[in-house]
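Colleague: Please find the sequence and the predicted model below.
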Amino acid sequence: MATQHENGTVIARQEQKLKPPPMYQVLLLNDDYTPMEFVVAIIQEYFNKDRETATQIMLKVHRDGKGMCGVYPKDIASTKVELVLTHARKAGHPLQCVMEEA
């Protein structure tokens, strides 16, 4: 669509194509020290999972070395990682939480 102004200049209007923001997976990494029950509680509290789902994620972390807790925009994923790490450190556990682009 073009618009013509009084001085005869024609301005072409370009459609902007916006792409959705990149999403990030939040992952918990296995270690040999953090209790399984603590991991389940973290998943329930910070990722709003029910106990059964949280237990399944915890078992995946335990067996495969890592497990995905959710997929979020960058800011939310980053906040969740920081909250989990802070909670784990305060409780004296070495639990690792990371994010990677989905």
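Modeller: Looks like it arrived, so ask away.
Colleague: Can you show me the strands along the chain?
Modeller: All strands of the chain, identified by DSSP state E, fall at 2-4, 10-12, 23-29, 66-73, 96-101.
Colleague: who wins for proximity to residue 82 among these?
Modeller: Checking these against residue 82 by CB to CB gives strand 96-101 as the closest, at 8.5 Å. In short, each C-beta sits where N, CA and C put it, glycine included.
Colleague: so how far is the closest one off the chain centroid?
Modeller: Distance of strand 96-101 from the chain centroid (CA atoms, centre = their mean, to the nearest Å) equals 7 Å.
Colleague: got CSV for the strands of the chain, with distance to residue 86, mean neighbour count and mean pLDDT too?
Modeller: Converted to CSV, the strands of the chain look like this (distance: least, CB to CB, whole Å; neighbours: other CB atoms under 10 Å; pLDDT from 0 to 100):
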stretch, distance to residue 86, mean neighbour count, mean pLDDT
strand 2-4, 53, 8, 55
strand 10-12, 51, 8, 68
strand 23-29, 14, 20, 98
strand 66-73, 16, 18, 98
strand 96-101, 10, 15, 98
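Colleague: So residue 35 sits against residue 92, correct?
Modeller: No: Residue 35 is beyond contact range of residue 92, at 10.7 Å (criterion: CB atoms under 8 Å).
Colleague: What are the neighbouring residues in contact with residue 35?
Modeller: residue 93 (CB atoms under 8 Å, 6 or more residues apart in numbering).
Colleague: Please read the previous query as pertaining to residue 88.
Modeller: 34, 38, 42, 94, 95, 97.
Colleague: Burial check on the closest residue to the second one other than its chain neighbours, number of neighbours?
Modeller: Excluding its sequence neighbours, the residue lying closest to residue 38 (CB to CB, 6 or more residues apart in numbering) is residue 93, at 6.0 Å. Residue 93 has 16 neighbouring residues, counting by other CB atoms under 10 Å.
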